Structures are given as C-alpha cells and as structure tokens.
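S.K.: Pasting the sequence and the predicted coordinates here, then a few questions.
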Amino acid sequence: MNRKVTKAIFPVAGLGTRFLPATKSIPKEIMTLVDRPLIQYAIDEARSAGIKEFIFVTSRGKGALEDYFDHAHELENTLRKDGKTDLLELLRQTNMESGAIAYIRQHKAMGLGHAVWCARRLVADEPFAVLLTDDVIQGEPPCLQQMIEAHAETGGSMVATMEVPMDKTRSYGVLDVAEDMGAIVRVRGMVEKPRENPPSNLAVIGRYILAPTVMENLNKLKQGAGGEIQLTDAIADEIEAGRDVYGLRFRGQRFDCGSKAGFLQATVAFGLAREELRPEFLDYLQDVLAMRKAAE
C-alpha cells in the first residue's frame, strides 16, 4: 500500500524581480489575484488534497508572508463585534493551526532543487508534495488532488505535466515518455530546458509528489542547468535507479503568474469565475474589445 502524502513544501524564497517595484516591499507570493494572495491559492489546493503539514522555504524579507498566516486577533474581534460573520469566516480560512506550518530559510539562492533539499529534515522518510506558487491552476478537482488520487494507484514519484508548443519547451523541464497510458505517462527521462531536440512536448508544471529517495538524490548537491541544483535532475536520478516516475496530464488550466502577462490572464479568468463579479466585469471587457475593434 502506498503511503499517504500529508506534507507539502512551498519554495517561496525567490526575490520576484519580474514584479519590481511592487516586490521591493512585499513578497511576490502576497501579490493579490482578485482578492486572495497567490500563496492562498496554493494552500487551499494543498488542503483540499489532504495535506496536513505545510513547509515554507523562505529567505530574508519574507516576514509579511509569515504574518499572513498568523491570527489577526484585533481584526477578528472588530469583525465579531460588528456582526460581520461572513468576513470573519473568510479571515479564518487564512489562519494556520499551531504546529501545522514551518518555515525554513534558504540562505543562498542555488535553485529549486536546493530549496526543496533545505526541508529534508522535516520531510524525513515520507513521500511529499511540492507546490510552486507561480503556477496557479484552475481545475476541478484541484490539480494536487488529482495527482494524489493517481499516485495512490501508481506509487513512485509523479509530476504534473501539460502539452506546450515545441518552440516553448526550452523554458521547461520536459518528459521523455516510455509509455503513454492517456492521463498518466510513465517517464523514461527528464531534460531541464532543452536547447534543442526536446524528447517530447510534455512540460513539467509546478506540482510534484516525490518519493523520499528524491531527497537522497538531492543530498549530492550536484549542479545542473544554469549552474543551479535542479529538482528535475534529482527526479531523473530516480529513473536511473530503476524507480518509477510518472507524469499526470491534469485536468484544468494553468496560469504562469511568475510573468506579468500570465498574472493578468489569471486575473481575468478568476474574475470571470466569480459569480458576484462576472456580470460587471464581463460587460467591461466586452466594452474594451468593442472600442479596440472600432479603433482598428
């Protein structure tokens, strides 16, 4: 029987330089998509998948991120006195129970693999999930839940994957597929940001369920593409050792909120998904398109 996945790592140590000057004073993960910060989307997805322990790999200047998940007693008391129970419930959804959340510092930016490795002592010998907050996925059920349900059947390690145009593969880790079983593919190899001859157009997206042996691979701290310690390389080592690695074609739409264009696209999609916002917002978008067409 495959062990249940109850721990998740959130690598949030990046500087968010693509969103300067906003990220001069606030962590990128606190930037708001409609009315919730990016990190809340990742936390909600993890919770719905049964994650109980949340491990954040942070860096200097991320104090606002830690404060976000703390209890705001004065604000809660004010809302309670004013009878604003709906807002009080909304606020409670951002709270984390004592002991459920841990913060680990990554003191030097050495890549995603290194960030995950920083949490090795908290993961111990259990399978664990990794969620990248830049990748916001609109799906039902949520992406990580889809993966955990599939992983319960397959075991091993699993990555979320989606098809991308061949000329875009150089921006991703790319799967070399041994067996295509539809929603699930068995992986023969992985290449990080291939400059030429990508093995497929199946790109690795920022959701992972990893066997504890991946941490042992990361212990080697070997540098890969860009001189960084790549998580992709540690997963590829699993395949070389004869252990199973799978890709799941998740059901849903992924937004790259690490880019400005992707963040704007996600804002439109999530805004239109909200019933209370859709009519007014849709009218506005249609007006903008009509004016643009008239100008042409």
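M.R.: That came in fine, so what should we check first? Numbering: from 1, shown residues only.

S.K.: Looks like Leu277 contacts Phe270 (just checking).
M.R.: No - here Leu277 does not reach Phe270: they are 9.1 Å apart, not a contact under CB atoms under 8 Å. The C-beta positions use only the backbone N, C-alpha and C, and glycine is treated the same way.

S.K.: Between those two, which has more neighbouring residues?
M.R.: Applying other CB atoms under 10 Å to Leu277 and Phe270 shows that Phe270 carries more neighbours, namely 18 against 14.

S.K.: ok, for that one, nearest residue in space, not its chain neighbours?
M.R.: Val34 (5.0 Å; CB to CB, 6 or more residues apart in numbering).

S.K.: Which strand or helix spans Ala261?
M.R.: Using DSSP states H and E, Ala261 sits in helix 260-272.

S.K.: Now that helix: buried residues?
M.R.: For helix 260-272, a neighbour-count test (16 or more other CB atoms under 10 Å) marks 262-263, 265-267, 270-271 as buried.

S.K.: same question, stretch 188-202
M.R.: Across stretch 188-202, burial judged by 16+ other CB under 10 Å covers 189-194, 198-202.

S.K.: Tell me the one among the residues you listed nearest to Val159.
M.R.: Closest approach between these and Val159, by CB to CB: Met190, at 8.1 Å.

S.K.: Look up how far Ala266 lies from that closest one.
M.R.: To Ala266, Met190 is 26 Å away according to CB to CB, to the nearest Å.

S.K.: what does Lys62 give?
M.R.: Using CB to CB, we find Lys62 at a distance of 22 Å from Ala266.

S.K.: What residues sit buried inside the helix or strand of the chain with the lowest mean pLDDT?
M.R.: Within the chain, judged by mean pLDDT, DSSP states H and E, the helix or strand with the poorest mean is helix 63-68; its value is a mean of 78. Neighbour-count burial for helix 63-68, counted by 16+ other CB under 10 Å, picks out 65, 68.

S.K.: Over to stretch 133-151?
M.R.: Buried positions in stretch 133-151, judged by neighbour count with 16+ other CB under 10 Å: 133-137, 139, 142-148, 150-151.

S.K.: quick one: low-confidence parts of the chain?
M.R.: 1-2, 98-99, 221-227 (pLDDT under 70).

S.K.: List the contacts of the top helix by length along it.
M.R.: What stands out as the longest helix in the chain, according to DSSP state H, is helix 278-295. Under the criterion CB atoms under 8 Å, 6 or more residues apart in numbering, residues 268, 271-272 lie in contact with helix 278-295.

S.K.: Also stretch 175-193?
M.R.: Identification of contacts with stretch 175-193 by CB under 8 Å, 6+ apart yields 150, 154, 159, 161, 170-174, 198-200, 202-204, 224-226, 230, 232-233, 235-236, 239, 244-249.

S.K.: again, only this time at 7 Å
M.R.: 150, 154, 161, 170-174, 198-200, 202, 204, 224-225, 230, 232-233, 235-236, 239, 245-249 (CB atoms under 7 Å, 6 or more residues apart in numbering).

S.K.: And the residues you listed, which of them are buried?
M.R.: Buried members of the contacts of stretch 175-193, scored by 16+ other CB under 10 Å, are 150, 154, 161, 172-174, 198-200, 202, 204, 224, 230, 232-233, 235-236, 239, 245-249.

S.K.: Where strands are concerned, which of the residues you listed count?
M.R.: 161, 173-174, 202, 204, 245-249 (DSSP state E).

S.K.: Identify, from those, the entry nearest to Glu76.
M.R.: Closest to Glu76 out of these is Leu248 (38.7 Å), distances taken as CB to CB.

S.K.: from what I can see the closest one touches Ile148, true?
M.R.: No - judged on CB atoms under 7 Å, Leu248 makes no contact with Ile148 at a distance of 10.0 Å.

S.K.: Could you give the bridge partners of the closest residue in space to Glu66 that isn't next to it in sequence?
M.R.: Residue nearest to Glu66 in three dimensions, not counting chain neighbours: Tyr103, with 6.1 Å by CB to CB, 6+ apart. Note on Tyr103: beta-bridge partners by DSSP bridges are Phe56.

S.K.: What of Ser157?
M.R.: In this entry, Ser157 is beta-bridged to Val245, by DSSP bridges.

S.K.: State the next helix or strand along the chain beyond the strand or helix carrying Ala115.
M.R.: Element membership of Ala115, judged by DSSP H and E, is helix 112-117. On the C-terminal side of helix 112-117, the closest following helix or strand by DSSP H and E is helix 120-123.

S.K.: Confirm Glu196 sits in a helix?
M.R.: No - membership of Glu196 in a helix is not supported by DSSP: H, G, I helix; E, B strand; the rest coil, which gives coil.
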